[in-house]
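Trainee: Test case, fold it:
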Amino acid sequence: MMFIALILALPVISLQHAVSPEEEVRMNDLAKAYRQIYETAPEAFKLADNIYEQIKDYECARNQEDCKAWRAWRLGDAITLRQVNCDETPEDELCMKARDLHGLPKGTSHQEIFSGLVDVAERVTPTDIKYASDVIDAAVSYVCYKEPEKCSIVRQMSVIVDQMEEIIKKH
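Mentor: Alright, predicted model coming up:
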């Protein structure tokens with residue numbers, strides 16, 4: 001699952017999944033590596049982000065049950081990438097959408113909002129994630145073709161996410 005928010009929102013994940021101190025250190029190391037990829041190849045991240053947005057739009061246009069899960073996933077990504085803190089800016093459009101999606105009142109903390117998004121986003125099925133990942137892998141291959149100098153860095157995205165998911169799946 002290339003849920004960018006999954007990688008960048010470690011405090012919520014650590015609380016939700018009660019990871020060990022060793023696993024938390026490993027997750028932090030993986031997140032640092034992932035951020036480095038984001039900084040090195042922002043165009044590749046934007047491509048992946050656009051693909052996920054299109055998948056969400058496709059599911060919602062078909063009125064599928066997982067539309068809400070995809071919307072939560074995308075809101076989590078947007079909040080994380082824009083570094084929005086809903087405690088500091090509760091009137092931010094993304095914070096309001098996230099509260100509405102999860103049916104939370106205005107005074108809900110950022111951590112509770114994000115935790116709710118993660119809970120809902122986890123309803124995207126493993127099969128959907130597999131096929132979405134296949135599309136992302138194809139896009140990464142395209143990036144490698146166009147920018148061979150960034151290929152080794154960009155290819156690390158999937159590996160890092162897989163390693164982090166393995167830690168979370170244990171809990």
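Trainee: Pull the number of nearby residues for H110.
Mentor: Using other C-beta atoms under 10 Å, the number of residues around H110 comes to 19. Where C-beta positions appear, they are placed from N, C-alpha and C, glycine not excepted.
Trainee: likewise Q156?
Mentor: With other C-beta under 10 Å as criterion, Q156 counts 18.
Trainee: which residues sit in contact with the residue lying closest to it once chain neighbours are set aside?
Mentor: Counting by C-beta to C-beta, 6 or more residues apart in numbering, I37 is the residue found nearest to Q156 once chain neighbours are left out, at 5.8 Å. Residues near I37 by C-beta atoms under 8 Å, 6 or more residues apart in numbering: A44, F45, I153, V154, Q156, M157, I160.
Trainee: Helix or strand for I37, just tell me which one.
Mentor: helix 21-40 (DSSP states H and E).
Trainee: D87 too?
Mentor: Going by DSSP H and E, D87 is not in any helix or strand.
Trainee: List the contacts of it.
Mentor: By C-beta under 8 Å, 6+ apart, D87 lies in contact with S109, H110.
Trainee: Which one (most neighbours) among the contacts of I37?
Mentor: A44 leads those on contacts (other C-beta under 10 Å) with 25 neighbours.
Trainee: Give me the pLDDT for that residue.
Mentor: The model reports A44 with a pLDDT of 87.
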